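Q: need a 3D model of the following:
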Amino acid sequence: MLKFFSHLFLLFCSVAYADNTSQKPYDWQKYLPKKQSNTQYGLVNYDQQRHESLTIHCSAILNGTTVTKQLTVNGSLDANAVNLNELYVNGDVKAVNSILNSAEINGKTHFINSQIAKKLTVNGLLIAEGSHFASDIIVSSSKIVLSSSHIQNIIVNAINNCDNDSEEQVIHLKNNTHLYGKIVFNCAKGKVLIDASSIVDDKQIKGAVIIRN
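A: Okay, here's the model as predicted:
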């Protein structure tokens, strides 16, 4: 039921912001629950503010924002220079110059010059540039690209299930990326592309074909 309402809010959001010429409240707003101090509906833009917890039902733009406990976004997140403890997003994420403790993301994810201290879970495309992952990356995707990054462990799960997944799962490690732990493809259908500048021990890769170029 919660997932149903999350999708419903996203639909409302996309319809409402398709036409921003009207100054009157949108009709759908009257059906939403009474707004609480830590819950927002519609496009949200926060600057250098500090919050304990936030729940946002639509897209969010954060610039220099700190959330000390939990941030939940049912929509896309565009974050710059944020400091987040626990992040949950049902939508695409772009985070630049940001510090995260842990994150769970259902959507395309792009980190630039960011740090993630604990577990990162991504269901979707993952791209990272100049970023540091101090714990496990658990990902379900056909493509992961890590550039100029430092990573511990990557665990690649099935997109649907191992028996029915025909698509190859590929990890690109490039531009002086360092792998300190292991890479495990649980379906044993992986491919890892490693450029000459990256530091990776082939013995630490399980369930994949390794190609060095």
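Q: so Lys203 sits in a strand?
A: No. Read with DSSP: H, G, I helix; E, B strand; the rest coil, Lys203 is helix and lies in no strand.
Q: count of residues packed around it?
A: The criterion is other CB atoms under 10 Å. On that basis, Lys203 has 7 neighbouring residues. Every residue, glycine included, has its C-beta placed from N, CA and C.
Q: pull up the gap between it and Ile151, please.
A: 16 Å (CB to CB, to the nearest Å).
Q: flag the shaky bits of the chain, pLDDT-wise.
A: Along the chain, the model assigns pLDDT under 70 to residues 1-37.
Q: 50 instead, please
A: Applying pLDDT under 50 to the chain picks out residues 1-6, 15-35.
Q: show me where it has helices.
A: 2-16 (DSSP state H).
Q: these two touch, right, Leu179 and Lys203?
A: No. When contacts are counted by CB atoms under 8 Å, Leu179 is not listed as touching Lys203 (11.2 Å).
Q: who touches both of those two?
A: Counting by CB atoms under 8 Å, 6 or more residues apart in numbering, Leu179 and Lys203 have no shared contacts at all.
Q: since we're on Lys94, how many residues are nearby?
A: Lys94, neighbours per other CB under 10 Å, totals 17.
Q: for Asn123, that is, sorry about that
A: Neighbours around Asn123, by other CB under 10 Å: 18.
Q: distance check, it against Ser148.
A: 24 Å.
Q: and for Leu100?
A: 18 Å.
Q: out of these two, which sits in the busier spot?
A: Neighbours per residue (other CB under 10 Å) separate Leu100 from Ser148, with Leu100 holding more: 25 against 17.
Q: and Ala196, how many neighbours does it have?
A: 8.
Q: what's the answer for the one 3 residues further on, then?
A: When neighbours are defined as other CB under 10 Å, Ile199 has 12 of them.
Q: show me what it is bridged to.
A: His178 (DSSP bridges).
Q: make sure it is actually in contact with Asn175.
A: No. If you go by CB under 8 Å, Ile199 and Asn175 don't touch, sitting 11.5 Å apart.
Q: tell me the contacts of Val139?
A: 121-123, 126, 154-157.
Q: at 10 Å instead, please
A: 105, 109, 120-126, 154-157, 159, 169, 171 (CB atoms under 10 Å, 6 or more residues apart in numbering).
Q: which residue sits closest to it, ignoring its sequence neighbours?
A: In this structure, Val139 finds its nearest non-sequential neighbour in Val122, 4.7 Å apart by CB to CB, 6 or more residues apart in numbering.
Q: could you check how far that neighbour is from Thr72?
A: 16 Å.
Q: neighbour count: those two, which is higher?
A: Val122 (23 against 20).
Q: list the contacts for the more buried one?
A: So Val122 contacts 89, 93, 103-109, 111, 128, 137-141, 144 (CB under 10 Å, 6+ apart).
Q: tell me how far it lies from Ser197.
A: 24 Å.
Q: equivalent analysis for Lys203, please.
A: 20 Å.
Q: next one: Glu52
A: On the measure of CB to CB, Glu52 and Ser197 end up 42 Å apart.
Q: buried set for stretch 130-148?
A: 130-133, 135-141, 144-148 (16 or more other CB atoms under 10 Å).
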